[in-house]
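Enquirer: 3D model of this:
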Amino acid sequence: MTKNEFNLKYWMFYMQLENDFSKTFNYVEFTDDNLSTYSKEYAKQLISIGSELDIVFKALCNEVDPTKARSCITDYANILCGYDNLTDATVQFSYNKESYKPFDGWTPNSKPSWWGDYNKVKHNRAENDNIKLANLKNVFNALAALFILNRYLCKIVCSNKIMKEPEIKSNLFTMVGWDICILEGNGFVRRLSTNGNMSVLFES
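Expert: Alright, predicted model coming up:
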């Protein structure tokens, strides 16, 4: 997979989903009081994000170990839970500068709660008040998880490059503990390392 293919097939889909989620802040503030707020719009977004997660899970698993099955969340866990500290991956949310770990506690025997809730909304929305699971908290965690998977996939695709992240930046999330690279043009990349040092590098 090339960087352009990643951008077209995966990252632009992520950015569209992020943009849709950002628009909900016009109506629902991101506060602890509102995390359980649910709606038809959140249901639509949770199903869309969950579907895209499935696609990116498969793509990332194929890059990490193409010899193993990758048809369900347990298969994904068997490949990814021990890969490059993914279950500890942390994002910082731009709205409140707080850090979140959407894959925390994920194992082959224990899926993330938001993933289970997504499936309940997708398959049994009308039963047992499952519509209430289509809430701000679950949509947020699912989107953060999708951001992380995309960043891991991009890092693999760009393993031989200085610029190991999308040129178009997320407006909501940054990876905690990862270098930040910004394309300056004419092949120059500005890199801010985790230790605070900044450098300008040339990538042919």
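Enquirer: so residue 1 makes contact with residue 158?
Expert: No. Contact status for residue 1 versus residue 158: not in contact, 10.0 Å apart, counting by C-beta atoms under 8 Å. Yep, even glycine has a C-beta here, placed from its N, CA and C like the rest.
Enquirer: what about the two, which has more around it?
Expert: residue 158 (18 against 15; other C-beta atoms under 10 Å).
Enquirer: quick one: residue 115 from residue 185, how far?
Expert: Between residue 115 and residue 185 the computed distance is 40 Å (C-beta to C-beta, to the nearest Å).
Enquirer: so these two - more neighbours on which side?
Expert: Set residue 115 next to residue 185 and count neighbours by other C-beta under 10 Å: residue 115 wins out with 21 against 6.
Enquirer: helix or strand: which one has that one?
Expert: helix 113-124 (DSSP states H and E).
Enquirer: so what touches that helix?
Expert: 43, 46-47, 49-50, 53, 73, 102, 130-131, 133-134, 137-138, 141-142, 145 (C-beta atoms under 8 Å, 6 or more residues apart in numbering).
Enquirer: give me the subset of the residues you listed that lies in helices.
Expert: 43, 46-47, 49-50, 53, 73, 137-138, 141-142, 145 (DSSP state H).
Enquirer: and the strands in the protein?
Expert: 91-93, 99-100, 173-175, 180-185, 188-192, 198-202 (DSSP state E).
Enquirer: quick one: contacts for residue 136?
Expert: Residue 136 neighbours (C-beta under 8 Å, 6+ apart): 24, 28, 30, 34-38, 42.
Enquirer: what's the local residue count around the residue nearest to residue 104 when sequence neighbours are not counted?
Expert: Closest residue in space to residue 104, ignoring its immediate chain neighbours: residue 87 at 6.7 Å, by C-beta to C-beta, 6 or more residues apart in numbering. By other C-beta under 10 Å, the residues close to residue 87 number 18.
Enquirer: from residue 58, how far out is residue 87?
Expert: Applying C-beta to C-beta to residue 87 and residue 58 gives a distance of 18 Å.
Enquirer: now stretch 153-168, how far from the centre of its chain.
Expert: Offset of stretch 153-168 from its chain centre (C-alpha atoms, centre = their mean, to the nearest Å): 15 Å.
Enquirer: got the buried residues for it?
Expert: Within stretch 153-168, the residues that count as buried by 16 or more other C-beta atoms under 10 Å are 153-155, 157-158, 162-166.
Enquirer: so residue 146 touches residue 56, yeah?
Expert: Yes. Residue 146 is in contact with residue 56 according to C-beta under 8 Å; the separation is 6.5 Å.
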